[in-house]
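**Student:** no sequence on hand, only this structure:
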C-alpha cells in the first residue's frame, strides 16, 4: 500500500503546520519559517489564490492521515453520499481508520508509528488480528493490543511518558491497552487543524 516516504519537514514547511507531530518538524519550521524551495523565502503569502488554499487543506488532511490521492477521493465520494455535512463526514471516515484509532488510543506517538503497529499485526479488533491500517472501525468495536504488542517497549514508553489520554469517543479498559468505540467521532472531537469546507469546495468544482 502506498505511503509517503519523502522528507516530512519540507511538507510541514510548505503547508505551514506540523503534519506528523515530530520534534524534527518543529525545529525545521522554527529555523526556516517559510516554504521550501529556491523562492520560498521571497514568496508572497498575502496574495494566495483560492485554489491554493483549498489544495493546501486537502494536502493537510491527506498527509495527516496517511492517505493517498485515490483513497482520499474515494472517501470524499462516500462522504458526499452520506446524510449530513460532507466535510464532517469526510473527517469522521478518516478518524475511523484503524491506524488512527491506535494513535488516538495513545499507544503510538505518531500516526505513521500507529500504521506500523497495525501492519505488523500488533492490533486485535473484536478478537481478530487485523493488519490493514485503513480498516474502518464501527461503533461498539473493541480494539486491543495483541499479547506481543503489549510487551513492546515503545508502546510502554508512549503510554507512560507521553501520557496522551484516549479520544473522547473511545472508552479505555485493561489499563489503557484496550479501547471500545463508544460512539463515532463528532467534529468537536477532531483536533486536526483542517478547514474541511475548503476541501469540499475543491472537489465540488
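**Tutor:** Yep, it's here. Quantities reported herein were computed from a predicted structural model and do not represent experimental measurements.
**Student:** ok, residue 104 to residue 148 distance?
**Tutor:** According to Cβ to Cβ, to the nearest Å, residue 104 and residue 148 sit 21 Å apart. Just so you know, the C-beta spots here come from the backbone N, C-alpha and C atoms, and that holds for glycine as well.
**Student:** cool, and residue 73?
**Tutor:** 36 Å.
**Student:** thinking again about what came up before, quick one: which of residue 104 and residue 148 has more around it?
**Tutor:** Higher neighbour count among residue 104 and residue 148: residue 104, with 25 against 10, using other Cβ atoms under 10 Å.
**Student:** gap between the more buried one and residue 82?
**Tutor:** 21 Å.
**Student:** residue closest to the middle of this structure?
**Tutor:** Taking Cα atoms, centre = their mean, the centroid of the chain lies closest to residue 65, which sits 3.0 Å from it.
**Student:** could you identify the longest helix within this protein?
**Tutor:** Ordering each helix of the chain by length in residues (DSSP state H) puts helix 50-65 first.
**Student:** and the angle from the helix or strand that comes right after that one to helix 50-65?
**Tutor:** Sequence-wise, the next helix or strand downstream of helix 50-65 (DSSP states H and E) is helix 69-81. In terms of direction (axes from the mean of the first three to the mean of the last three Cα atoms, to 10 degrees), helix 69-81 departs from helix 50-65 by 100 degrees.
**Student:** for the very next helix or strand once past helix 69-81, packing partners?
**Tutor:** Once the chain leaves helix 69-81, the next helix or strand it forms, by DSSP H and E, is helix 86-95. Applying 3 or more Cβ pairs under 8 Å, 6 or more residues apart in numbering; DSSP states H and E, one finds that helix 86-95 contacts helix 50-65, helix 69-81, helix 98-104, helix 196-203.
**Student:** pick the most deeply packed of the ones you listed.
**Tutor:** helix 98-104 (a mean of 25; mean count of other Cβ atoms under 10 Å).
**Student:** output the contacting helices and strands for that one.
**Tutor:** Helix 98-104 packs on helix 86-95, helix 111-119, strand 123-125, strand 142-145, going by 3+ Cβ pairs under 8 Å, 6+ apart.
**Student:** if we go to 6 Å?
**Tutor:** Other elements packing on helix 98-104 under the criterion 3 or more Cβ pairs under 6 Å, 6 or more residues apart in numbering; DSSP states H and E are helix 111-119.
**Student:** which strand residues bridge residue 97?
**Tutor:** As for beta bridges, residue 97 partners with residue 136 under DSSP bridges.
**Student:** from residue 169, how far off is it?
**Tutor:** For residue 97, the distance to residue 169 - Cβ to Cβ - is 14 Å.
**Student:** ok, now residue 136?
**Tutor:** 14 Å.
**Student:** compare these two and say which is more crowded by neighbours.
**Tutor:** residue 169 (21 against 14).
**Student:** list phi and psi for residue 66.
**Tutor:** Main-chain torsions, residue 66, degrees, to the nearest 10: phi 70, psi 40.
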